[in-house]
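Trainee: A predicted structure for the sequence below; I have some questions about it.
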Amino acid sequence: PKSYRMLVMNTLAFTIAFAAWLSNGVLITFLISNGVLDWSAVEMGTVIGIPVLTGALFRLPMGILTDKFGGRPIFTINLLVASLGMVLMSSATTYTDYIIASLLFGTVGATFAVGIAFTSVWFPKEKQGLALGIFGAGNAGAALTALFAPTILNNLIAGGDMEAWRQLPIMYATMLAVMAVIF
């Protein structure tokens, strides 16, 4: 029973992590298309791509740390670092601010490596494929962001306050921090 509880926790944390990880694409595109940011295509692509690159680069070291210290502390720290990045994103005003925030919360993309290692230890070899398949369904978090974040952003600015977009990263930061505490 504990292994299935851990599978649910890992999958839920991974879903939230991936939702946050790919929120930058929706958010930056929204800010540029609504005239909040006046960036070139290169600047936009760079800031959108940073979390994806950071998550990919951090997978190896996070996997090594998970092997050494276990999944629970590494997953928790990863979620908290990403939450801090989201808080910084909510107050970003310069291009450099956006880059720093993106670098920090981009580390949450490495939760894939942490979660795979941490999930597999809870199941015997003959059940790991199913368990890891269920865990991998947490990729749906990215789809949830793509589906719902634009609507949330539109609702936030519906009153005419374009600065209300800053609430979206706070929402993600809260979800990440709450999940870290639960974890």
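Mentor: Everything's here; your move.
Trainee: Only C-alpha atoms from now on, for both contacts and neighbour counts.
Mentor: Will do.
Trainee: For this protein, just list every one of the helices.
Mentor: 2-21, 23-33, 41-69, 71-90, 95-106, 111-120, 125-136, 140-156, 167-182 (DSSP state H).
Trainee: Output those helices as JSON lines; include the columns mean neighbour count and mean pLDDT.
Mentor: Shown next, in JSON lines, are the helices of the chain (neighbours: other Cα atoms under 10 Å; pLDDT from 0 to 100):
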{"stretch": "helix 2-21", "mean neighbour count": "22", "mean pLDDT": "95"}
{"stretch": "helix 23-33", "mean neighbour count": "18", "mean pLDDT": "95"}
{"stretch": "helix 41-69", "mean neighbour count": "17", "mean pLDDT": "95"}
{"stretch": "helix 71-90", "mean neighbour count": "23", "mean pLDDT": "96"}
{"stretch": "helix 95-106", "mean neighbour count": "21", "mean pLDDT": "96"}
{"stretch": "helix 111-120", "mean neighbour count": "24", "mean pLDDT": "94"}
{"stretch": "helix 125-136", "mean neighbour count": "15", "mean pLDDT": "94"}
{"stretch": "helix 140-156", "mean neighbour count": "16", "mean pLDDT": "95"}
{"stretch": "helix 167-182", "mean neighbour count": "19", "mean pLDDT": "97"}
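Trainee: most distant residue from the middle of the chain?
Mentor: Within the chain, the residue lying farthest from the chain centre (Cα atoms, centre = their mean) is residue 126, at 30.2 Å.
Trainee: could you measure the residue lying closest to residue 37 once chain neighbours are set aside against residue 39, distance?
Mentor: Excluding its sequence neighbours, the residue lying closest to residue 37 (Cα to Cα, 6 or more residues apart in numbering) is residue 31, at 5.6 Å. For residue 31, the distance to residue 39 equals 10 Å [Cα to Cα, to the nearest Å].
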